[in-house]
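Peer 1: Here is the input, now give the coordinates:
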Amino acid sequence: MKKLTIKDIAKEFKVSISTVSKALNDSYEISEATKSKIQKYAKEHNYKPNFNALSLKNRSTKTIGIIIPTMLKYFFAQVFKGIEKTALERGYKVITCISNESYTKEVEIIEMLSNGSIDGFIVSLAKETEIKGDYKHLQDAIDNGTPIVMFDRVAQTLNCDKIITDDFDGAEKTVEFLYKNGHKSIAFVSTMSDFHIGKQRFLGYKKGLENVGLPFNDNLVINIFDRDYKKYESILIPFLEKNNIDSIITTGESAAVASMKAGIKTGHKVPADLSVIAFSNGILARHSSPKMTTLSQHGEQMGESAAKVLIDKLEKKNTDSLIKVITTDLVIRDSTK
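Peer 2: Numbers count the residues shown, from 1 in each chain. Alright, predicted model coming up:
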């Protein structure tokens, strides 16, 4: 059942929102008859005040709510570091919640924090939310005057600020880099084909092949839907045995490490006859053996941008919604020749 809002009560009695607000706060400015009518209706319909909507004009908590989909990716830790650094510099506290890729959990967090305990949200969508394509909870928060800045995994249809990586361009440049270094059979391993960012990386890969004149071969693309990274290797070994592959681009680090291991187990030498490149530039890349070439998404910079955009909005320094694109950079290490 939809939660009754102050707007609904105003509509019911054909009065202004501020009249309803005053009546519910027992203000002397409103006649007794109107007051008791509105209060009775609110009580019968189980109205719960949304402190956020009521007191937005005069109250700021100086707190930002952050919702990230998972703790398992170093990328999100980097983003968080950037958000926290900027928030502290500007006198804001942060509350961090993890949706665990669950739509229901994401909705619960938004509802829980939208009672006036935070001034605005920084959100990266849960996998289930993106697959469902249901962003009503986010739209409701925006409608109630709580600004939202989305990063990395964003809702295309929502009108709010967004900080994204140039995923398409990054994948396209990576194919060109591999081709220039003598690779002709470039595979693409995705663990995020459900996500808009995963689709963008795949389209960039295809465009890169087209740019260098290599034919697209469906057999060289593998989409892994299993969330358990321990199973990646067993999926990738037959993939490498069946196809003649000289290089692999993966959408994340876990898949890249598994690709290198699978490569070694199928008799390849990395990077002598198999180069591997991963999106994201985290801990795994630096500690894998050999050290991994990555496409850095600059997570910390993304976090700093998201916090700056949100705080500027809260302090009325910017009112227009913007989309900011963070450019990826190739960090060349030992997994590519």
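Peer 1: which stretches of the chain form helices?
Peer 2: 6-13, 17-24, 32-44, 51-55, 74-89, 103-113, 127-132, 136-143, 167-180, 196-212, 232-242, 253-265, 283-287, 299-314 (DSSP state H).
Peer 1: could these be laid out in CSV, adding distance to residue 337?
Peer 2: For every residue, glycine as well, the C-beta is placed using N, CA and C. Converted to CSV, those look like this (distance: least, CB to CB, whole Å):
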stretch, distance to residue 337
helix 6-13, 62
helix 17-24, 65
helix 32-44, 70
helix 51-55, 55
helix 74-89, 25
helix 103-113, 42
helix 127-132, 34
helix 136-143, 45
helix 167-180, 10
helix 196-212, 17
helix 232-242, 17
helix 253-265, 13
helix 283-287, 17
helix 299-314, 27
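Peer 1: how about stretch 245-263: buried residues?
Peer 2: 245-263 (16 or more other CB atoms under 10 Å).
Peer 1: Endpoint to endpoint, that stretch covers what distance?
Peer 2: In stretch 245-263, first residue to last residue: 10 Å (CA to CA, to the nearest Å).
Peer 1: what's the answer for stretch 180-189, then?
Peer 2: End-to-end distance (CA to CA), stretch 180-189: 20 Å.
Peer 1: Next, the buried residues of it.
Peer 2: In stretch 180-189, counting by 16+ other CB under 10 Å, buried: 183, 186, 187, 188, 189.
Peer 1: what sits against the residue lying closest to the last one once chain neighbours are set aside?
Peer 2: What sits nearest to residue 189 in space, not counting adjacent residues and going by CB to CB, 6 or more residues apart in numbering, is residue 250, at 4.4 Å. For residue 250, the contacting residues are 188, 189, 190, 191, 256, 259, 276, 277, 278, 279, taking CB atoms under 8 Å, 6 or more residues apart in numbering as the criterion.
Peer 1: TSV please, covering these and showing pLDDT and distance to residue 4.
Peer 2: Shown next, in TSV, are the contacts of residue 250 (pLDDT from 0 to 100; distance: CB to CB, whole Å):
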residue	pLDDT	distance to residue 4
188	98	49
189	98	49
190	97	44
191	94	42
256	96	50
259	97	53
276	98	55
277	97	53
278	96	49
279	93	45
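Peer 1: taking the buried residues of stretch 180-189 as a set, which two sit the farthest apart in space?
Peer 2: 183 and 189 (14.7 Å; CB to CB).
Peer 1: Okay, domains of this protein per the record?
Peer 2: 6-49, 63-164+299-326, 167-297 (automatic domain parsing).
Peer 1: how about the ones you listed, which one is nearest residue 333?
Peer 2: Comparing the domains of the chain by CB to CB, domain 167-297 comes nearest, at 4.0 Å.
Peer 1: got the buried residues for stretch 172-179?
Peer 2: Neighbour count says stretch 172-179 has 172, 173, 174, 175, 177, 178, 179 buried, by 16+ other CB under 10 Å.
Peer 1: Pull the residues that contact that stretch.
Peer 2: 186, 204-205, 207-209, 211-212, 214, 247, 249, 275, 277, 295, 328, 330, 336.
Peer 1: Just the buried subset of those, please.
Peer 2: By 16+ other CB under 10 Å, the contacts of stretch 172-179 give 186, 204-205, 207-209, 214, 247, 249, 275, 277, 295, 328, 336 as buried.
Peer 1: Can you lay out those residues as CSV showing distance to residue 17?
Peer 2: Formatted as CSV, those follow (distance: CB to CB, whole Å):
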residue, distance to residue 17
186, 58
204, 47
205, 51
207, 50
208, 53
209, 56
214, 60
247, 60
249, 53
275, 61
277, 54
295, 48
328, 45
336, 60
